[in-house]
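Novice: how would this look folded up:
(one chain, ligands or ions: 2)
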Amino acid sequence: MAVPFSRRAARLAGRAAVGLSDLVFVPGCLRCGKFRSRRRAGVCLACWAAARPPLISAARCLDCGGTGCGHPEPPWSWMTAALAYEEAGRDLIRLYKFSDQGGRLPLARPLAGLLAAALQATAISLDIDLVVPVPSHRARRRDRGFDAAGHLARHVCAATGLPRPLALIRRRGRRGPRAGADDGHRSDYLLRPSAGRQVAGRTVLLLDDVCTTGATLRRCAGLLAEAGALEIRVAVLAFTPRRSFASPAGME
Ligand SMILES: [Zn+2]
Ligand SMILES: [Zn+2]
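Specialist: Numbers count the residues shown, from 1 in each chain. Ligands and ions are numbered 1, 2, ... in the order given. Sure, this is the predicted structure:
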């Protein structure tokens, strides 16, 4: 008699275990896959903490990290970034940008919060008249279901009280050959016809998600400067240090 009873007990215990695991099941961290309950936007707090700030400084060349190196001055007066584009920082941004149909959009708010904090840490972030995001390529926006920098910009502006972002730059041409990065060797940027009037004499914050070579930011800042912007500042979520700005056709 003991055998059927223990079988039944085992069956019941098994059912109870399944029921319990259904109740307390927590999916793993989107980055590391570990089952940690303390998370933000699906990413565990350890992964958030592993994302480091970038080592950039206003006094140093953004290209090589040196001083007096002869690399061309960027067309902006100032730049800030929240994260180094490496390891955890890069993974978080990829989770935000390259998920299907914007399914990771919950990451937008905490990532924007990091950039908002980086901006608020500097008094120079005040007195900005216009916020202009660098646009994604149309095809990429269609693939992802959202515009990465534009969406980030809306959250940053909401968190900092900066004016709502304006889509004054548009992108045309075919997108670049390399998947997974915003390189657009065959695409270019131009200002919308109405932009000249809005930009002239104003201080503009140009905002992008990632600065790798800096070529896209240089191109866009150049357009704003041509349109008569008084001053251009740059905010990027993540920055890849020590990459050359020098390649002539380089569009990141
Ligand atoms: Zn994690
Ligand atoms: Zn340099």
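Novice: Please identify the buried residues of stretch 72-80?
Specialist: Buried residues in stretch 72-80, counted by 16 or more other C-beta atoms under 10 Å: 74, 75, 76, 79, 80. For the C-beta atoms, the positions are set from N, CA and C on the backbone; glycine is no exception.
Novice: Leaving out sequence neighbours, find the closest residue to the second one.
Specialist: Nearest in space to residue 75, with sequence neighbours left out and distances taken as C-beta to C-beta, 6 or more residues apart in numbering, is residue 221 at 4.2 Å.
Novice: what's the closest non-adjacent residue to residue 163?
Specialist: Nearest to residue 163 is residue 131, by C-beta to C-beta, 6+ apart, at 6.0 Å.
Novice: The one you found bridge partners, please.
Specialist: residue 205 (DSSP bridges).
Novice: Neighbours of it, how many?
Specialist: By the other C-beta atoms under 10 Å criterion, the neighbourhood of residue 131 contains 22 residues.
Novice: sec struct for the residue lying closest to residue 206 once chain neighbours are set aside, please.
Specialist: Leaving aside its sequence neighbours, residue 206 sits nearest to residue 234 (C-beta to C-beta, 6+ apart; 5.0 Å). The local conformation at residue 234, judged by DSSP: H, G, I helix; E, B strand; the rest coil, is strand.
Novice: any weak-confidence spans in the chain?
Specialist: Residues of the chain meeting the criterion pLDDT under 70: 1-26, 56-60, 99-104, 174-187, 241-252.
Novice: Spatially central residue for it, please.
Specialist: residue 209 (3.1 Å; C-alpha atoms, centre = their mean).
Novice: Now that one: which helix or strand?
Specialist: Assigned by DSSP states H and E, residue 209 belongs to strand 203-211.
Novice: Go ahead and produce CSV holding the CA coordinates of that strand.
Specialist: The C-alpha coordinates for strand 203-211 follow below in CSV (Å, rounded to 0.1, in the frame of the first residue of the first chain):
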residue,chain,number,x,y,z
THR,A,203,21.8,77.7,-28.9
VAL,A,204,21.1,74.1,-30.1
LEU,A,205,21.6,70.9,-28.3
LEU,A,206,22.2,68.1,-30.9
LEU,A,207,21.3,64.7,-29.4
ASP,A,208,22.2,61.2,-30.6
ASP,A,209,22.3,57.8,-29.0
VAL,A,210,25.8,56.8,-29.8
CYS,A,211,28.9,58.6,-31.0
